[in-house]
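# Okay, sequence plus prediction incoming.
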Amino acid sequence: MTNSFARRTVIISALAATYPIILTEMVLVRTARAENILAVPVTAIVAHSETLDRVINGIGTVAPLQSVTVRPRIDGQVVEVPFTEGQMVEKGSVLLKLDDRELVSAVNSARAKKAQDEAQLHNAQSDAQRYASLASKGAASTSTMEEKNALSQQYAAAVQYDDAMIKSAETQLGFATVVAPFTGRTGFRQVDVGSVISASSTSGIVTVTQMDPIAVSFVAPGDRFEEIRDALEKGIAEVTLTSTDGTRTLAKGKLTTMDNAVDATNGSIHLRATFDNKNGSLWPGLPVATTLTVDKVKGVVVPDKALARGRDGLYAYVVGKDGKVSKKNVQTAFVTDARALVKSGISDGDQVVMDGQSRIGDGEKVEVTPWTGSPTGELAQKASQ
């Protein structure tokens, strides 16, 4: 009985000695587990300094720089139409030929009349020279010599008139062949071989539209004309065209023309940009979305999704080296393509929380996963402001 009591006493003493150690270990384990549980999972991105374009977004319409309805200059019967509808034609390409037999005869007649008058002029000049020699010797009167000189001048004038008539006839003959005034695409043909057309026709022969280069006409808020004018003068007024659904980039070009007045009815200003169109992606009348660059600014850039809006304005959570977040009030200069240029609150190299802002507060510990999404957010829709 004594031995059993002694054995129990030793066991109790040993447990009493080791209990604080076990208790301490249990507390540490529970604390570690609590800290892991309290570390909120978030995604974050590192802010970097870069150059961001300040832009004005809008809607425009593709418009050709040149588009004309080709009409005949003279009346006549069509004998040849050597083009097909929708064909690209070069400047000077033949579009139509008229029956020119009468016009050729008129040219030949004018040339024959000139040859006749030249022969008479040559004869009159010989007579004038002969009578001038006789008059100097007293064998002919001065009045006769003057008559011969006058006749010679008359035939010289007749030859000049014949030259003018030949040029006129040749011009009329040239009108019998209608050519493209510039390189462009033809539309629907309005005449056929055998038809008789008139110079007074309103329908014309065909419409030719210049396709490359091509222009886009669009408008911008009139109160931003100074930004647009400065960008135009600096040569940075670039225009990017996208499809109206935003899925495709169509072309990039330059702003070339700014209207000389703001439209008082709607407060907008009319602009025109020019684009290369060798691939034919731009078609006259096509509606497009326009993005006009008015400035290029260097600064800290973050996706606007990292910015939340509170009672005091925009804020973001920045992850510190200790794994805890700090709430920072943020001021932005502008937003372009869902990316914000930050003026204050975020520095180059800061790790900014992207997803999970609603689950965290200032000073809380977070578990960070690199953010791999695409920039979206409410501010993206205000990129043109």
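The structure has been received and is ready for your questions.
# sec struct for the nearest residue to residue 49 once chain neighbours are set aside, please.
Residue nearest to residue 49 in three dimensions, not counting chain neighbours: residue 348, with 4.6 Å by Cβ to Cβ, 6 or more residues apart in numbering. All C-beta spots, glycine's among them, are computed from the backbone N, C-alpha and C. What DSSP: H, G, I helix; E, B strand; the rest coil gives for residue 348 is coil.
# can I assume residue 348 is in contact with residue 299?
No. Counting by Cβ atoms under 8 Å, residue 348 stays clear of residue 299, with 9.1 Å between them.
# Look at these two and report which has more neighbours.
Neighbours around residue 348 and residue 299, counted as other Cβ atoms under 10 Å, are more numerous at residue 299. The numbers are 16 against 13.
# partners of whatever helix or strand that one lives in in the sheet?
Secondary-structure assignment from DSSP states H and E places residue 299 in strand 287-303. In the sheet, strand 287-303 lines up against strand 48-63 (antiparallel), strand 238-242 (antiparallel), strand 339-344 (antiparallel) (DSSP bridges).
# Run the chain-centre distance for the first one.
Here the centre of strand 48-63 is set off from its chain's centre by 11 Å, with Cα atoms, centre = their mean, to the nearest Å.
# Which secondary structure elements does the helix or strand just after it sit against?
Using DSSP H and E, the helix or strand that follows strand 48-63 in sequence is strand 67-70. Counting contacts by 3 or more Cβ pairs under 8 Å, 6 or more residues apart in numbering; DSSP states H and E, strand 67-70 packs against strand 206-209.
# which outside residues touch the strand it packs on?
Under the criterion Cβ atoms under 8 Å, 6 or more residues apart in numbering, residues 64, 66-70, 83, 85, 89, 95, 180-182, 184-190, 284 lie in contact with strand 206-209.
# Please enumerate the helices of the chain.
Listed in chain order, the helices of the chain (DSSP state H) span residues 2-38, 101-136, 142-174, 225-234.
# ok, back up a step: now do the shared contacts for residue 348 and residue 299.
Contact with both residue 348 and residue 299 is made by residues residue 49, according to Cβ under 8 Å, 6+ apart.
# What residues sit buried inside stretch 349-363?
Buried residues in stretch 349-363, defined by neighbour count with 16 or more other Cβ atoms under 10 Å: 350, 351, 352, 353, 354, 355, 356, 357, 360.
# so what's the fifth one closest to, chain neighbours aside?
If the residues on either side of it in the chain are set aside, residue 354 comes closest to residue 371, at 4.1 Å by Cβ to Cβ, 6+ apart.
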